[in-house]
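> Quick one: sequence plus predicted model below, questions after.
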Amino acid sequence: MSKKVEKAKCIINAEECKGCERCVNACPKSVLKMGKEFNFMGFPYAVYAGSGCIGCAACFYNCPEPGAIKIVKLIEED
């Protein structure tokens, strides 16, 4: 019988990010960092490391830009 494993992922909309780093500082697992590229407004934007998100949404609640960060839950069959 397969076991369901729940994981989370942080999705950042680069075009909405203003580079304030509040999400980076709020993340308890340090899975966010500031990227080296710039969005269309000329701001460096936050990027997700690709793994390690626990789905706490601290980044989401600290972000002043509505729509810049989305947390999704992933359910994988083990």
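Structure's in. What do you need? Model, not experiment: these values are computed from the prediction.

> Give the buried residues for stretch 33-53.
For stretch 33-53, a neighbour-count test (16 or more other CB atoms under 10 Å) marks 35, 39, 43, 44, 45, 46, 47, 48, 53 as buried. Every C-beta, even on glycine, is put in place using the N, C-alpha and C of the backbone.

> Next: stretch 71-78.
By 16+ other CB under 10 Å, the buried positions in stretch 71-78 come out as residue 71.

> can you list contacts of it?
The contact list for stretch 71-78 (CB atoms under 8 Å, 6 or more residues apart in numbering) reads 2-11, 53, 55, 57, 59-60.

> what about dumping the CA coordinates of that stretch to PDB?
Extracted in PDB, the C-alpha atoms of stretch 71-78 (Å, rounded to 0.1, in the frame of the first residue of the first chain):
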ATOM      1  CA  ILE A  71       2.300  28.400  -1.300                       C
ATOM      2  CA  VAL A  72       1.100  25.200  -2.800                       C
ATOM      3  CA  LYS A  73       0.800  21.800  -1.100                       C
ATOM      4  CA  LEU A  74       2.000  18.800  -3.000                       C
ATOM      5  CA  ILE A  75       0.800  15.300  -2.200                       C
ATOM      6  CA  GLU A  76       3.100  12.500  -3.500                       C
ATOM      7  CA  GLU A  77       2.500   8.800  -3.500                       C
ATOM      8  CA  ASP A  78       5.400   7.000  -1.800                       C
END
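
> roughly how far is it from the heart of the chain?
What separates the centre of stretch 71-78 from the centre of its chain is 15 Å, taken as CA atoms, centre = their mean, to the nearest Å.
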